[in-house]
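Engineer: Prediction below, plus the sequence it came from.
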Amino acid sequence: MALNLSAVGHKTPELLHTYKWQDVALYALGLGATLDELEFLYEKHGPKVLPTYAVVPTFPVCGKLFEAVGGDLKGVVHGAQRIKLHKNFKPEGTLKTVGEVTAVYDLKRMAETIFSTQTFDEEGDLVCETEWSILYRFDGGFDGPRPPKRERVKAPAVDPDFEFVQPTAPEQAALYRLSGDLNPLHIDPELATEVGFDRPILHGLCTYGIVGRALVQRAAAGEPSRVKELYGQFRRPVWPGDTIVVKGWNEEERLIVNASTKERPEENAFANAYAKIETP
């Protein structure tokens with residue numbers, strides 16, 4: 001199916017996401033959380049909710065947006081992700097999310113779509129916003145509009161202010177997908193080979209969530225409510241079993257972040273990235 005350029009502006013109805021503390025804990029475990037982070041795993045402590053949980057209520061909405069855009073879904077990979085947090089997530093509850101296709105761009109060799117979402121709680125308050133850049137590897141060259149120039153965020157050539165190391169298990173993608181990101185690229189060896197990978201790759205959003213955990217632990221003193229924004233681009237695949245290395249550099253009003261792997265330290269898996277952390 002060809003990309004539907006007229007999908008730009010398409011909006012979804014409100015879709016509900018009801019979750020319990022077990023879903024919050026499962027999400028944290030999918031990102032490698034350990035018993036040293038008991039406040040994210042144990043209902044006696046809430047549990048607290050990691051800020052990158054913001055993507056989870058949007059999965060059904062993004063599914064509707066994919067249907068509107070069309071294209072070859074076998075070639076879909078994540079290009080970039082942004083979240084903005086406005087209110088803490090409760091340990092359980094029902095959230096309402098609406099989404100919109102805000103752009104379809106022609107990158108010549110591939111295509112890019114931009115999805116945006118807003119998620120509200122039971123009181124009607126805006127909890128979070130997300131923006132998704134989705135790359136269609138097999139759908140470029142349709143003589144469509146090019147994307148606008150975007151800010152380039154470069155990691156400083158000095159030692160980072162913090163480093164966070166997270167080993168992943170061979171089963172990491174199989175565990176992470178239970179939170180709702182069911183793209184078969186991350187579980188199906190035959191499909192992965194068909195679309196150009198030698199085996200299933202780790203979800204970009206799993207790497208993204210690990211970056212979010214690093215921010216909570218190393219920059220926000222364990223308080224997820226202090227993480228207000230996280231943006232970055234997915235540059236290279238991460239394989240289940242890799243060890244992810246997250247680095248952060250303090251700037252005046254934001255934190256520059258970067259993630260690579262111990263196995264391929266010269267390759268940026270997550271880059272052109274920054275976070276905004278609220279001061280206590």
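Structural biologist: Happy to help now that I have it. Residues are numbered from 1 along each chain as shown.
Engineer: Need phi/psi at the closest residue to residue 274 other than its chain neighbours.
Structural biologist: Once flanking residues are discounted, residue 274 sits nearest to residue 254: 4.8 Å by C-beta to C-beta, 6 or more residues apart in numbering. Just so you know, the C-beta spots here come from the backbone N, C-alpha and C atoms, and that holds for glycine as well. Backbone torsions for residue 254, taken as degrees, to the nearest 10, come to phi -160, psi 180.
Engineer: I'd say residue 254 and residue 276 touch.
Structural biologist: Yes. Counting by C-beta atoms under 8 Å, residue 254 does reach residue 276; the two are 5.1 Å apart.
Engineer: can you give me the strands in the stretch 51-200 of the chain?
Structural biologist: Using DSSP state E, counting those that start in this stretch, the strands found in the stretch 51-200 of the chain span residues 76-85, 93-106, 111-120, 126-136, 162-167.
Engineer: Residue 193 is nearest to which of these?
Structural biologist: strand 76-85 (15.1 Å; C-beta to C-beta).
Engineer: With just CA atoms, put that closest one into PDB.
Structural biologist: The C-alpha trace of strand 76-85 is given here as PDB (Å, rounded to 0.1, in the frame of the first residue of the first chain):
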ATOM      1  CA  VAL A  76       9.000   0.800   9.500                       C
ATOM      2  CA  VAL A  77      11.700   1.800  12.100                       C
ATOM      3  CA  HIS A  78      11.700   4.500  14.700                       C
ATOM      4  CA  GLY A  79      13.400   7.800  13.700                       C
ATOM      5  CA  ALA A  80      13.100  10.000  16.800                       C
ATOM      6  CA  GLN A  81      11.000  10.400  19.900                       C
ATOM      7  CA  ARG A  82      10.000  13.300  22.100                       C
ATOM      8  CA  ILE A  83       7.900  13.300  25.300                       C
ATOM      9  CA  LYS A  84       6.800  16.300  27.400                       C
ATOM     10  CA  LEU A  85       5.500  15.700  30.900                       C
END
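Engineer: one step back: return the distance of the residue nearest to residue 274 relative to residue 232.
Structural biologist: 12 Å (C-beta to C-beta, to the nearest Å).
Engineer: Could you do residue 110 as well?
Structural biologist: Taking C-beta to C-beta, one finds residue 110 at 19 Å from residue 232.
Engineer: okay, these two: which has more neighbours?
Structural biologist: Comparing residue 110 with residue 232 by other C-beta atoms under 10 Å, the one with more neighbours is residue 232, at 25 against 17.
Engineer: residues contacting the more buried one?
Structural biologist: With contact taken as C-beta atoms under 8 Å, 6 or more residues apart in numbering, residue 232 is in contact with 80, 81, 208, 211, 257, 270, 271, 272, 273, 274.
Engineer: Filter those down to just the ones in strands.
Structural biologist: Residues of these located in strands (DSSP state E): 80, 81, 257, 270, 271, 272, 273, 274.
Engineer: hmm, back to that, out of the strands of the stretch 51-200 of the chain, deepest packed?
Structural biologist: Each of those was scored by mean neighbour count; the highest is strand 111-120, a mean of 22, by mean count of other C-beta atoms under 10 Å.
Engineer: Touching that one from outside, list them.
Structural biologist: Contacts for strand 111-120 (C-beta under 8 Å, 6+ apart): 3, 17, 54, 57-58, 61-62, 65, 69, 71, 79, 95-105, 126-136, 139-140, 142, 144, 147.
Engineer: chain center to it: distance?
Structural biologist: 12 Å (C-alpha atoms, centre = their mean, to the nearest Å).
Engineer: Can you show me the helices along the protein?
Structural biologist: 21-30, 59-69, 172-176, 189-194, 204-218 (DSSP state H).
Engineer: hang on, the earlier thing: can I get the strands of the stretch 51-200 of the chain in a markdown table including distance to residue 176 and mean pLDDT?
Structural biologist: As requested, the strands of the stretch 51-200 of the chain are arranged in a markdown table below (distance: least, C-beta to C-beta, whole Å; pLDDT from 0 to 100):
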| stretch | distance to residue 176 | mean pLDDT |
| --- | --- | --- |
| strand 76-85 | 13 | 97 |
| strand 93-106 | 20 | 98 |
| strand 111-120 | 20 | 98 |
| strand 126-136 | 17 | 98 |
| strand 162-167 | 12 | 98 |
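Engineer: With distance to residue 175 as added columns, please give those in CSV.
Structural biologist: Formatted as CSV, these follow (distance: least, C-beta to C-beta, whole Å):
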stretch, distance to residue 175
strand 76-85, 18
strand 93-106, 23
strand 111-120, 24
strand 126-136, 22
strand 162-167, 13
